[in-house]
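In: below are the sequence and a predicted model; questions follow.
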Amino acid sequence: MKAACVRCSAPPSAVLSYAYDVREAWLVDFAGERIDGTGYPLCVTHADRITPPLGWVLHDRRVPEPSFRDVA
Ligand SMILES: [Zn+2]
């Protein structure tokens, strides 16, 4: 099955994972493959809007897209 954002079914750009025991969440870049275990695919819009539950820590491990300024 092809991965899609769990919120809007758009192509995913990130994967959200949870560790319930330590109340932490991670956002990583979507690698374009199957998502192992407990990851939730998200499009860039929903990944940017994600807010962790109260008392949780969110680690954004996504690699920033290079901007046009960096290319020049
Ligand atoms: Zn989405």
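Out: Now that the structure is in, tell me what you want to look at.
In: show me what from this protein comes close to the ion.
Out: Proximity of the chain to the ion is confined to 5, 7-8, 10, 43, 46 under the rule CB under 5 Å from the ion. (C-beta placed from N, C-alpha, C; glycine too.)
In: hmm, which of those residues are the buried ones?
Out: When these are checked for burial by 16 or more other CB atoms under 10 Å, the buried set is 5, 43, 46.
In: so Ser13 makes contact with Gly32?
Out: No: applying CB atoms under 8 Å, one finds Ser13 not in contact with Gly32, separated by 9.9 Å.
In: neighbour count winner among those two?
Out: More crowded of Ser13 and Gly32, by other CB atoms under 10 Å: Ser13, with 20 against 9.
In: with adjacent residues omitted, what lies nearest to the more buried one?
Out: Val44 (4.3 Å; CB to CB, 6 or more residues apart in numbering).
In: surely the one you found meets Cys8?
Out: No: using CB under 8 Å, Val44 is not in contact with Cys8; the gap is 10.9 Å.
In: which residues do these two both contact?
Out: The contact sets of Val44 and Cys8 do not overlap (CB atoms under 8 Å, 6 or more residues apart in numbering).
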